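A.B. asks: Any chance you can model this:
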Amino acid sequence: MSQDALFQLGMDSVVLNTAQKEESITAQPASAVCDDKDHFIEKDGVLCAGSHFIVDLFEAERLDDLPYIQKTLIDCVNAAGATLLHIHLHPFEPNGGISGVAVLAESHISIHSWPERQYAALDIFMCGDAQPERCIDVLKEAFAPGRMDVNELLRGRNA
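C.D. replies: Numbers count the residues shown, from 1 in each chain. As a prediction, this is how the structure comes out:
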């Protein structure tokens, strides 16, 4: 990618520290997750692609601990009954923030943390039989936020 393209993406001043290490886990390939159904769900009488939770954590702990965040995302996947395909996490310096995603057969969980502000933004989107609402208690237990805002969107309504 050219420097001009990086600049347009707002990445012109990004310099990765060679000591930084990205973490990546690939789970076993999921066997045919879609067996003749599209995994749309009905929630509260609405047919939709799935539930998408927008989660903000304030006054939260351990937002710079990459192995801990990785374990927490895996705990979320397991609690929701979802299928992990891949996790990719990237640490940032000097603030220690972490951005990443757990790619699921049912969609994804993403995190972006600002430990210097004790804040993290997460997206939890799942379709099918997964229960993304179960991730909320896992996050509350893991990061002990002083405040947690959760908003739910039903994606793909009337598609």
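A.B. asks: Every contact and neighbour count from this point should use C-alpha atoms.
C.D. replies: Fine.
A.B. asks: Scan this protein for its longest helix.
C.D. replies: helix 66-80 (DSSP state H).
A.B. asks: what's that helix packed up against?
C.D. replies: strand 84-91, helix 134-143 (3 or more C-alpha pairs under 8 Å, 6 or more residues apart in numbering; DSSP states H and E).
A.B. asks: For the shortest one, which helices and strands make contact with it?
C.D. replies: In terms of contacts (3+ C-alpha pairs under 8 Å, 6+ apart), strand 84-91 is packed against strand 23-26, helix 66-80, strand 98-104.
A.B. asks: what about the helices and strands packed on helix 66-80, which gets the closest to N151?
C.D. replies: Relative to N151, the nearest member of the helices and strands packed on helix 66-80 by C-alpha to C-alpha is helix 134-143, separated by 10.9 Å.
A.B. asks: middle-most residue in the chain, spatially?
C.D. replies: S110 (1.8 Å; C-alpha atoms, centre = their mean).
A.B. asks: who's in contact with that residue?
C.D. replies: 99-102, 122-124 (C-alpha atoms under 8 Å, 6 or more residues apart in numbering).
A.B. asks: Name the nearest residue to it, ignoring sequence neighbours.
C.D. replies: Nearest in space to S110, with sequence neighbours left out and distances taken as C-alpha to C-alpha, 6 or more residues apart in numbering, is V101 at 4.2 Å.
A.B. asks: okay but that neighbour is in contact with I109, surely?
C.D. replies: Yes. Counting by C-alpha atoms under 8 Å, V101 touches I109, with 5.6 Å between them.
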